[in-house]
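Q: sequence? don't have it. structure:
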């Protein structure tokens, strides 16, 4: 009889703990913060004739790429198109940024 009473108390205590655990607020995962899906990429000139201001989706970044050098650009998203704008405002062909590769090489303008 004493064993049965102890088992009942343990069962009630267990049920009580389970009920308390179920009453807590579920945690919701945090929303991704802005910028989590952006990358820092390297733009490289692989020719003496490839140089100019780096543009992302047609907007100038203010960063100038000299011939046979490289620069880094922040806040680039997958699918963005990278072009160069030379000294007489002629726009190069476009290269599309596709992660995980983070280096865009320009072999020709």
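A: It's in. Since the model is a prediction, treat every value here as computed from it, not as a measurement.

Q: tell me which residues in whichever strand or helix holds residue 63 are buried?
A: Assigned by DSSP states H and E, residue 63 belongs to strand 59-65. Using 16 or more other CB atoms under 10 Å as the test for burial, strand 59-65 gives 61, 65. C-beta here means a position set from N, CA and C on the backbone, and glycine is covered the same way.

Q: what of stretch 73-83?
A: Under 16+ other CB under 10 Å, the buried positions of stretch 73-83 are 73, 76, 80, 82-83.

Q: pLDDT below threshold where in the chain?
A: Residue ranges of the chain with pLDDT under 70: 1-13, 15-36.

Q: now the strands for it?
A: Along the chain, the segments classed as strands by DSSP state E run 38-45, 52-56, 59-65, 70-77, 81-85, 95-96, 103-106.

Q: could you dump these to CSV with distance to residue 14?
A: Converted to CSV, the strands of the chain look like this (distance: least, CB to CB, whole Å):
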stretch, distance to residue 14
strand 38-45, 49
strand 52-56, 59
strand 59-65, 62
strand 70-77, 51
strand 81-85, 61
strand 95-96, 59
strand 103-106, 58
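
Q: residue 106 reaches residue 48, doesn't it?
A: No: the pair residue 106 and residue 48 does not pass the contact test of CB atoms under 8 Å, sitting 11.9 Å apart.

Q: paired strands for the strand holding residue 63, with orientation please.
A: Sheet pairing here is set by DSSP bridges, and for strand 59-65 it gives strand 52-56 (antiparallel).

Q: what's the angle from the partner strand to strand 70-77?
A: Strand 52-56 and strand 70-77 are oriented at 20 degrees to each other (axes from the mean of the first three to the mean of the last three CA atoms, to 10 degrees).

Q: can you name the residues in contact with strand 52-56?
A: Outside strand 52-56, the residues that touch it by CB atoms under 8 Å, 6 or more residues apart in numbering are 43, 60-65, 71, 73, 76, 80-87, 91-92, 109.
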